[in-house]
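>>> this one's sequence-less:
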């Protein structure tokens, strides 16, 4: 078993979509803004560009919707917003994530104390 | 801001992206190129120097990697694909039908099983699932396709040697097929 890059990538793969949904649950955002916010979180995003295919899939599967809005200066921006289905999925993930996190913590963190 | 003239570095990146995205289906390709163009234009408008442009492009990442991410695949949040078990069940059915000699049903079914088994196998690989069922179904489908053809050729070669051929005629012979044939049988000799 190897820790490091591979492990971080695996953890990222399963959770990034929910991080996107969680950000959009607070308010709608346009692509550049959303990507910037995500990449400010350490270790979450290695290639900002890969978030766009993820967003496309989330839209195709009905978890987010997109709307074009004028930006005042420059071209219109594509805004992403969470759907009810996305919100429901995020809520389910939160429950599962808390359970999962405390289960892993109870084993992994205990090892460091003894 | 959509610039009239883009920075050459950004222009070069977009050219590489378009090249890499050529293997995507049209809808995904158009989406991806438009999204990243908007992203880079927004980023470049904020960037004050060439170094910041380079940082921007580094952060966006390798076009090939992004395109790989955009390839149609099982959904990220939840996915479902063709079932290997279903293909296997149909494969057994096709094989039984082929054995009984119901070739009209077994051959199309076998072709469907092969296609379904193949898709299930690819799906199983992409989600690191078990491909054993799907592969078995695929093999069954091939057997169910080949078996009737073999039976057919064996039977037809055996058939032509037997005198039973004559016995199958009466059903047709009771109905005169053409006016000429009825005329010839009733014609005075």
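All right, it came through fine. A quick note: this is a predicted structure, and the numbers were derived from the prediction, not measured.
>>> and residue A:17, how many residues sit next to it?
Number of residues near residue A:17 (other CB atoms under 10 Å in any protein chain shown) recorded here: 24. Just so you know, the C-beta spots here come from the backbone N, C-alpha and C atoms, and that holds for glycine as well.
>>> let me fix that: residue A:58
Other residues within reach of residue A:58 by the criterion other CB under 10 Å amount to 25.
>>> from what I can see it touches residue A:52, true?
No - at 10.6 Å, residue A:58 and residue A:52 do not qualify as touching, with contact defined as CB atoms under 8 Å.
>>> which residues do these two both contact?
By the contact definition CB atoms under 8 Å, 6 or more residues apart in numbering or on different chains, residue A:58 and residue A:52 are jointly contacted by no residue.
>>> what is the mean pLDDT for the helix or strand residue A:55 falls within?
Under the assignment given by DSSP states H and E, the secondary-structure element containing residue A:55 is helix A:51-60. Looking at helix A:51-60 alone, the average pLDDT works out to 95.
>>> show the subsequent helix or strand relative to it.
With elements assigned by DSSP H and E, the helix or strand that comes after helix A:51-60 is strand A:64-69.
>>> show the pLDDT at the residue in chain A that chain B sits nearest to.
Chain B sits closest to residue A:47 of chain A, with a gap of 2.8 Å, by CB to the nearest CB. Per-residue pLDDT puts residue A:47 at 91.
>>> repeat that for residue A:105.
The per-residue pLDDT reported for residue A:105 equals 91.
>>> before we move on, what about residue A:66?
Per-residue confidence at residue A:66 stands at 97 (pLDDT).
>>> ok, the closest residue in space to residue A:70 that isn't next to it in sequence - contacts?
In space, residue A:70 comes closest to residue A:76 once its chain neighbours are excluded; the distance is 5.4 Å by CB to CB, 6 or more residues apart in numbering or on different chains. Contacts here follow CB under 8 Å, 6+ apart; on that basis residue A:76 touches A:68, A:69, A:70.
>>> tell me the domain ranges of chain B?
Here chain B is described, according to automatic domain parsing, as comprising the domains B:8-70, B:84-158.
>>> distance between the shortest one and the chain's centre?
For domain B:8-70, the distance from its own C-alpha centre to the chain's C-alpha centre is 31 Å (CA atoms, centre = their mean, to the nearest Å).
>>> and if you look at the longest one?
Offset of domain B:84-158 from its chain centre (CA atoms, centre = their mean): 15 Å.
>>> quick one: terminal-to-terminal distance for it?
Separation of the first and last residues of domain B:84-158 by CA to CA, to the nearest Å is 38 Å.
>>> that domain near chain A at all?
No - applying CB under 8 Å from any CB of the partner chain, one finds domain B:84-158 out of contact with chain A, separated by at least 11.4 Å.
>>> biggest helix in chain A by residues?
The residue-count maximum for a helix in chain A (DSSP state H) belongs to helix A:84-113.
>>> what do you get for chain B?
Looking across chain B with DSSP H, the single longest helix is helix B:132-161.
>>> so what does that one touch, helix or strand wise?
For helix B:132-161, the helices and strands in contact under the criterion 3 or more CB pairs under 8 Å, 6 or more residues apart in numbering or on different chains; DSSP states H and E are helix B:84-100, helix B:103-126.
>>> okay, these in TSV with mean pLDDT next?
As requested, the helices and strands packed on helix B:132-161 are exported to TSV (pLDDT from 0 to 100):
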stretch	mean pLDDT
helix B:84-100	75
helix B:103-126	76
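>>> can you list these in a markdown table and add distance to residue B:25?
What follows is these, written out as a markdown table (distance: least, CB to CB, whole Å):
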| stretch | distance to residue B:25 |
| --- | --- |
| helix B:84-100 | 25 |
| helix B:103-126 | 16 |
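>>> okay, those in TSV with mean neighbour count next?
Supplementary listing: these in TSV, determined by neighbours: other CB atoms under 10 Å in any protein chain shown:
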stretch	mean neighbour count
helix B:84-100	19
helix B:103-126	19
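>>> which among those helices is found nearest to residue B:8?
Residue B:8 sits nearest to helix B:103-126 of all the helices and strands packed on helix B:132-161, at 37.8 Å, using CB to CB.
>>> give me the residues contacting the closest one.
By CB under 8 Å, 6+ apart, the surrounding residues in contact with helix B:103-126 are B:73-74, B:81-84, B:86-88, B:90-91, B:93-95, B:97-98, B:129-131, B:133-142, B:144-145, B:148, B:151-152.
>>> give me the most central residue, chain A.
Among the residues of chain A, the one closest to the centroid is residue A:19, at 2.3 Å (CA atoms, centre = their mean).
>>> can you list the residues of chain A near chain B?
If contact is defined as CB under 8 Å from any CB, the residues of chain A in contact with chain B are A:17, A:31-32, A:35, A:39, A:46-50, A:52-58, A:60-61, A:63, A:73-75, A:77-78, A:89.
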